[in-house]
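Engineer: sequence first, then the predicted structure:
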Protein chains: 2
Amino acid sequence: MRNHLHAIFLFICIVPFLAQAQEINSPNKNLVLKFELAANGVPSYQLYYKGKYVIKPSTLGLEIKDAPSFMDGFSITNSEQKSVDEFWNPVMGEEKTIRNNYNELVVTLAQAKNKNRYIRIRFRLFNDGLGFRYEFPKQDDLKYFVIKEEHTEFQLAGNHKIFWIPGDYDTNEYAYTTSKISEIPSRMKKATVVINAQQPIKEIAVQTPSMMKSNDGLYINIHEAALINYPAMSLQVDAATLKMTSHLTPDALGNKGYMQTDTQTPWRTIVVSDKATEILASKLILNLNEPSAYKDVSWIKPVKYIGIWWEYFVAGKSTWAYGKENNVKLSDDFTKLTPNGRHGATTEHAKKYIDFASANGFDAILIEGWNVGWEDWVGNWKEEVFDFVTAYPDFDVKAVHEYAAAKKVKIIMHHETSGAATNYERRLDRAFEFMNANGYDAVKTGYVGQIIPRGEHHDGQWMVNHYIHVAERAADYKIMVDSHEAVRPTGLNRTYPNWIAQESARGNEFEAMAGLNPDHTTILPFTRLMGGPMDFTPGIFQTDLTYYKTGGNQRVNTTLIKQLAYYVTMYSPLQMAADIPDNYNRFPDAFQFIKDVAVDWDNSYILEAEPGDYITIARKAKEKVAWFVGGITDENGRTATIAFDFLPTGKKYIATIYADAKDASWNVKPQNYTVSKVIVTSKSILKQYLAPGGGVAISIKEATDSKMKGLKKI
Amino acid sequence: MRNHLHAIFLFICIVPFLAQAQEINSPNKNLVLKFELAANGVPSYQLYYKGKYVIKPSTLGLEIKDAPSFMDGFSITNSEQKSVDEFWNPVMGEEKTIRNNYNELVVTLAQAKNKNRYIRIRFRLFNDGLGFRYEFPKQDDLKYFVIKEEHTEFQLAGNHKIFWIPGDYDTNEYAYTTSKISEIPSRMKKATVVINAQQPIKEIAVQTPSMMKSNDGLYINIHEAALINYPAMSLQVDAATLKMTSHLTPDALGNKGYMQTDTQTPWRTIVVSDKATEILASKLILNLNEPSAYKDVSWIKPVKYIGIWWEYFVAGKSTWAYGKENNVKLSDDFTKLTPNGRHGATTEHAKKYIDFASANGFDAILIEGWNVGWEDWVGNWKEEVFDFVTAYPDFDVKAVHEYAAAKKVKIIMHHETSGAATNYERRLDRAFEFMNANGYDAVKTGYVGQIIPRGEHHDGQWMVNHYIHVAERAADYKIMVDSHEAVRPTGLNRTYPNWIAQESARGNEFEAMAGLNPDHTTILPFTRLMGGPMDFTPGIFQTDLTYYKTGGNQRVNTTLIKQLAYYVTMYSPLQMAADIPDNYNRFPDAFQFIKDVAVDWDNSYILEAEPGDYITIARKAKEKVAWFVGGITDENGRTATIAFDFLPTGKKYIATIYADAKDASWNVKPQNYTVSKVIVTSKSILKQYLAPGGGVAISIKEATDSKMKGLKKI
């Protein structure tokens, strides 16, 4: 904690009382949470925002396997309230300091019919929303139990607009559908496109974070926080009654959570505001997570990186695999394979990337396809695909490490598991020892494919624990983790700050496959990114992929400038410049923004936002006098209004504006752009045109008078 | 290989021919194997012994998930034969040198209807039986496949007597039932007693090794060899047609084997003879396993040990657990538990056992209950029960190790997994590093409880691979493994010689629980031990357990002497003296046999045997001029005829005979015995009385004339 910070704790412990209804307000009184026991002792809650229903009376409870449920027969045996107002500093983040300010209500509910077996429900009401969870204290008659289903209801107050992807136990990589809640069932089939290793939920369900907007302009986001030792929750949708109900990810046997008291569920979160910008600014989910589990976090650093990666998708000249064979085993002698002649991760090729990284100030390069096993790695539900320590014959780990170290560039390790988490766990210590021995301090993990243990799912309790286990073990080796295809994040980067980023969504790579809708990235910050940083892999300059003459008429559905804006709009302390170095060399002026942009921040300012339409964000670089602005729009061109009132008053700065050209759009002349410099102050307001599927990026620096000479002031 | 050994390979490669029937003989011509394609190209085999059917025409094949089967439509595209006659030396064993002598037939079977996809069936016909397996060579149209079921038939030629336990995916710890094959269905319910974490097969099925005897005196044993990367096989029984059919252990999804070419099934084995002694002498299963996977085996040693163990079952004064609590987590601070005052694995108690081991020449002591987690370890299907590195507050690993090392006694590590194999695998490297750091060179593993990954079974493919993984990783740390509750062995101790013993049956510990039938141990060598050494834990002297005044009228259903005989009849290079030291101190003359008996052998001689009735075996100690004889009987007293013709001719030896007293029996005066010395030569024949449920043990040594003075010669 820095010394100018101070924590304020206000404890108001109410003497227990046994009223069957309880009510608390948010600190600013905008939100009201009411809890009560309905008929038959069924717990129920409701949530109001400025006097209007956010959640109408909704019941709470859980079904237990082979035991009485926690659904009814409750009476309130205790009730306590307290208030907290404190500040804390994340290791990395959008804000240097985060305020944690809430009023809390904890009710203890006992079931007389079951030997007074009891649970607690804990509500925390913030100015930006509600979090609540079930708690199961240690008690004689409740030790081990198995959850059959959680039945937490979210009774919505209207037929809201909703930005949703299909409920699925294994993948988050769907495109978003925007519809009314009532339209979800009819649009589910079309929304459920084919994704590798998917398991769509049989019932009509959507994933969280689920972003909604009411007809009268209320923004509502439902998700969860601190998903630990529990399956991920989807929302089952009753389109007729506009009710959503929790639906947990089952294990191989259909069970939904093996529990041992003292324990609890994750927090169920409802972020709510009448301003879309406040949804993006919410830190409610981080606040509901526990502080860092590690004492020493000095080794956790932001990372800007390039990688031998995008060329595997587009250039058609290089591959993860080394051999021509299509049926290999780890026990094979890979030096005896027939080289396919297109292997990307060679020592020589790696050195070229290292040179580029070094010349342009990147911290690290990711090298995928360095290790044996890629010839038939996916789709076979095979356990021992990779060993994480054996390089292909043409990749010299030691030589690459030494070359990189001499140029002060780190190599990001790549551990693709192909979904075989068991194989990864049994090799994890050796894999991390290998990383320590060879100078790697970060790993990108991957879970492409059906999970092993077979029958488990990416989003089930076992895998939830697996990802955390990997993060914790990595911390023992001072290794940072960037997980792909893992369960959607729930703010655990607070507790495990070395778990610096995740994919867990349809990322930029899809631009080389099925494509991203132009509005996709105006939705992601309202959905996927509510849970935590995303390794979106922005920065594709060569958006017309027919350039590579590898067939098809595929294109990245953005302008070049929108790719720049992502570095600001898609928060992550780990950011890739995903394109091939040659393409950056072709556009050095635009590339300058990627070189300059920060990835860790003192402050963030959500200037404009509307889910599905546009987002404009400004951020101040961590411990630097530099600001960066990113603005994006959907398929419609627009004029952003950028007020620079986040700047200190009374000073002039130089803003470099990277803008779409007037004739640019995502599908015509996407690479037409302008770079211009102007002088700005805290009073400046910029009206900036964004092309259809386009964006704007601005970097703002202190500058001397001489440098400002001749520049226009706005 | 020692220099007096020599390998003889006789290769007779027949030019491929395409006859639809093939025949080979065993080297001694007693056995004939006939293979043919029946109607519709269905593979079929039959086996004769001395002109009589062992297996009548039986079909072969496998069903594949979501793909055409390997059941029919085959034609023979190639057929090869060869003969092998060679010798090899096991690292430890019943014989110093083992002869591997067989005639082999390999048929290649192609399916024209499936793009000539092909498999091979390899038959090896030994003098003592048949082994055969399915092989799936690498080919364009067969890479990855999933087995739905294997349909290997064993059409028996009569309604044999059979010694069986119920088919079960999770446990082998049933008592044997002796019946006709036709009686199996009606006796299944009674045979399926309650066992922890059992999963009886729904169909009528028995486990292998399955021991049968025909009405005309043919002994037939069906099992498997080299169970690797495949589920264990049970035998489904059609009592009406006397046909048995393979039934594989499913995974959580009901699948029965994830395969990648080049691959194969384990060997299906049929050991057959008209002499029961030859069944026990058979080395067919070992011969069908691959040689040692390790180059250096110098660190693998036989072990005779005692343990802090039996007192947990009988004495009632000590426990695995340290605390009184019944709901603990690994994250708890175990120093804060309330000691129950009866914890067995204390530093002080361990030192007493070390003193006893040192004073009596034992190699090692096993200490169970040393590590945190035992308070609620079983029955909760909990994953993180143990961490394998954290000792209870009253057990000082370092102090115990140093005390033991000073007395040249090893400590055997105990890794109870409670069935959570995933938890064990993820901690395995650290657990073995801990062992290396603290001087442990052997580990007893345990799998009590339902398996995690949940839905997997003890005998499924994933767990089969797990046990091997543990053995292989242990070898990397020069650690020997003794697995309890693992899948039944199939001769893999040849390939992984550090996997020195297993339990995988109803062992001596059941004498403290539901009990063992007096004939149980006359059956085990014909069944469970066909697959490999058993850590039976013999040596209980205090057979009347009411002695401990801990309630009940439980007794060990043997005489004291029968417990001695087990050291010879129950082969294992790892042998425990299972009783409490105090009890050995009360019977020092009988205890002398346990101190003397070898556990590794140059030669073994099966003198008499009848499954279910009696066994008498003599063995020569490895590289020593010493022999030991063990004889046991069932509930009936008998007179064993022990011919000493296994001794070198022309020399005299002193035999110390440990015999049941005339008035002894398993349930009356079981501790009445005599110890006498006589002079024996190779021409001696001893008629020795064995009490009901009794036995005889003899140690034979060279001796000087003076020592022989006054001794009777027989």
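Structural biologist: Alright, I've got the coordinates. Residues are numbered from 1 along each chain as shown, chains lettered A, B, ... in the order given.

Engineer: over in the stretch 351-500 of chain A, which residue gets nearest chain B? Let me know.
Structural biologist: Nearest residue of the stretch 351-500 of chain A to chain B (CB to the nearest CB) works out as A:P453 at 3.2 Å. Heads up, the C-betas are built off the backbone N, CA and C, glycines and all.

Engineer: please name the residues that touch that residue.
Structural biologist: A:252, A:421-422, A:462, B:252, B:422, B:453-456, B:462 (CB atoms under 8 Å, 6 or more residues apart in numbering or on different chains).

Engineer: just the helices in the stretch 601-714 of chain A please.
Structural biologist: A:705-708 (DSSP state H, counting those that start in this stretch).

Engineer: and for chain A?
Structural biologist: A:184-191, A:276-281, A:284-287, A:310-314, A:347-360, A:397-406, A:421-437, A:461-476, A:520-523, A:560-569, A:581-586, A:588-596, A:705-708 (DSSP state H).

Engineer: how much space between A:G129 and chain B?
Structural biologist: Shown here: A:G129 relative to chain B, a distance of 30 Å by CB to the nearest CB, to the nearest Å.

Engineer: how many neighbours does that residue have?
Structural biologist: 28 (other CB atoms under 10 Å in any protein chain shown).

Engineer: beta partners for it?
Structural biologist: A:F126, A:V271 (DSSP bridges).

Engineer: identify the residues contacting it.
Structural biologist: A:G129 neighbours (CB under 8 Å, 6+ apart): A:31, A:221, A:269-273, A:282, A:284.

Engineer: so which residues on chain A come close to chain B?
Structural biologist: A:138, A:143-144, A:146, A:251-253, A:255, A:258, A:260-261, A:326-327, A:329, A:376, A:380-383, A:422, A:425-426, A:428-430, A:453-456, A:462, A:465, A:469 (CB under 8 Å from any CB of the partner chain).

Engineer: of these, keep whichever come out buried.
Structural biologist: Buried subset of the residues of chain A next to chain B (neighbour count, 16 or more other CB atoms under 10 Å in any protein chain shown): A:144, A:146, A:251-252, A:255, A:258, A:260-261, A:327, A:329, A:376, A:380-383, A:422, A:425-426, A:428-429, A:453-456, A:462, A:465, A:469.

Engineer: could you double-check that A:D216 lies in contact with A:Y53?
Structural biologist: No. Taking CB atoms under 8 Å as the definition, A:D216 is not a contact partner of A:Y53, at 10.9 Å.

Engineer: more crowded one of the two?
Structural biologist: A:Y53 (16 against 10).

Engineer: okay, that one: pLDDT?
Structural biologist: At A:Y53, the model reports a pLDDT of 98.

Engineer: who are the contact partners of it?
Structural biologist: With CB under 8 Å, 6+ apart, A:Y53 has these contacts: A:46-47, A:157.

Engineer: can you check A:G254 too?
Structural biologist: Applying CB under 8 Å, 6+ apart, no residues qualify as near A:G254.

Engineer: contacting residues around stretch A:348-367?
Structural biologist: A:301-309, A:318, A:345, A:395, A:400, A:403-404, A:407-412, A:414, A:442, A:444, A:576-577, A:581, A:584, A:591, A:595.

Engineer: ok so, going back, and the residue of the stretch 351-500 of chain A closest to chain B, how far from A:P231?
Structural biologist: A:P453 sits 14 Å away from A:P231, going by CB to CB, to the nearest Å.

Engineer: do the same with A:V42
Structural biologist: 23 Å.

Engineer: compare those two (neighbour count), which wins?
Structural biologist: A:P231 (27 against 15).

Engineer: against A:L130, how distant is that one?
Structural biologist: On the measure of CB to CB, A:P231 and A:L130 end up 22 Å apart.

Engineer: pLDDT wise, what is whichever residue of the stretch 151-300 of chain A sits closest to chain B at?
Structural biologist: Nearest residue of the stretch 151-300 of chain A to chain B, counting by CB to the nearest CB: A:A252, 3.6 Å away. Listed pLDDT for A:A252 reads 97.

Engineer: correct me if wrong: it contacts B:P250.
Structural biologist: No. If you go by CB under 8 Å, A:A252 and B:P250 don't touch, sitting 11.4 Å apart.

Engineer: residues near the closest residue to A:R528 other than its chain neighbours, how many?
Structural biologist: Using CB to CB, 6 or more residues apart in numbering or on different chains and skipping residues adjacent in sequence, the residue nearest A:R528 is A:A505, 4.0 Å away. By other CB under 10 Å, the residues close to A:A505 number 26.

Engineer: what residues are up against A:V91?
Structural biologist: Per CB under 8 Å, 6+ apart, neighbours of A:V91: A:292, A:297, A:300, A:497.

Engineer: the stretch 201-350 of chain A: strands as residue ranges?
Structural biologist: A:205-207, A:210-213, A:219-225, A:233-238, A:243-248, A:258-260, A:263-264, A:267-273, A:303-308 (DSSP state E, counting those that start in this stretch).

Engineer: what sits against A:E173?
Structural biologist: Taking CB under 8 Å, 6+ apart as the test, what A:E173 contacts is A:195, A:485, A:505-507, A:510.

Engineer: so who does the closest residue in space to A:E183 that isn't next to it in sequence touch?
Structural biologist: Distances taken as CB to CB, 6+ apart put A:A239 closest to A:E183, at 7.6 Å, once the chain neighbours are dropped. Going by CB under 8 Å, 6+ apart, A:A239 touches A:181-185, A:204.

Engineer: report the buried members of the contacts of A:Y53.
Structural biologist: A:46-47, A:157.

Engineer: burial measure for the residue nearest to A:T208 when sequence neighbours are not counted, as a count.
Structural biologist: Spatial nearest neighbour of A:T208, chain neighbours left out: A:H223 (4.3 Å); criterion: CB to CB, 6+ apart. For A:H223, the neighbour count with other CB under 10 Å is 30.

Engineer: wait, A:H223 touches A:V206, no?
Structural biologist: No. The criterion here is CB under 8 Å, and A:H223 misses it with A:V206 at 11.6 Å.

Engineer: ok so, going back, got a winner among the contacts of A:V91 for most neighbours?
Structural biologist: A:I300 (24 neighbours).

Engineer: report the contact partners of it.
Structural biologist: So A:I300 contacts A:91-92, A:480, A:497-498, A:500 (CB under 8 Å, 6+ apart).

Engineer: tabulate those residues (TSV), appending pLDDT.
Structural biologist: Formatted as TSV, the contacts of A:I300 follow (pLDDT from 0 to 100):
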residue	pLDDT
A:V91	98
A:M92	98
A:M480	98
A:P497	98
A:N498	98
A:I500	98
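
Engineer: narrow the residues you listed to those in strands?
Structural biologist: Judged by DSSP state E, the subset of those located in strands is A:480, A:500.

Engineer: out of the contacts of A:I300, which one sits closest to B:A618?
Structural biologist: Lowest distance from B:A618 to the contacts of A:I300 (CB to CB) belongs to A:N498, with 63.4 Å.

Engineer: next, that closest one: phi, psi?
Structural biologist: Main-chain torsions, A:N498, degrees, to the nearest 10: phi -80, psi -10.

Engineer: local confidence estimate at the nearest residue to A:I642 once chain neighbours are set aside?
Structural biologist: Leaving aside its sequence neighbours, A:I642 sits nearest to A:L686 (CB to CB, 6+ apart; 4.3 Å). Predicted confidence (pLDDT) for A:L686: 98.

Engineer: and what of A:N196?
Structural biologist: 89.

Engineer: likewise A:F11?
Structural biologist: 46.

Engineer: same question for A:M1.
Structural biologist: 36.

Engineer: residue of the stretch 501-650 of chain A nearest chain B, please.
Structural biologist: Taking CB to the nearest CB, the stretch 501-650 of chain A has A:Q502 as its residue nearest chain B, at 21.0 Å.

Engineer: that residue reaches A:P533, doesn't it?
Structural biologist: Yes. The pair A:Q502 / A:P533 is scored as a contact, 7.1 Å apart, by CB under 8 Å.
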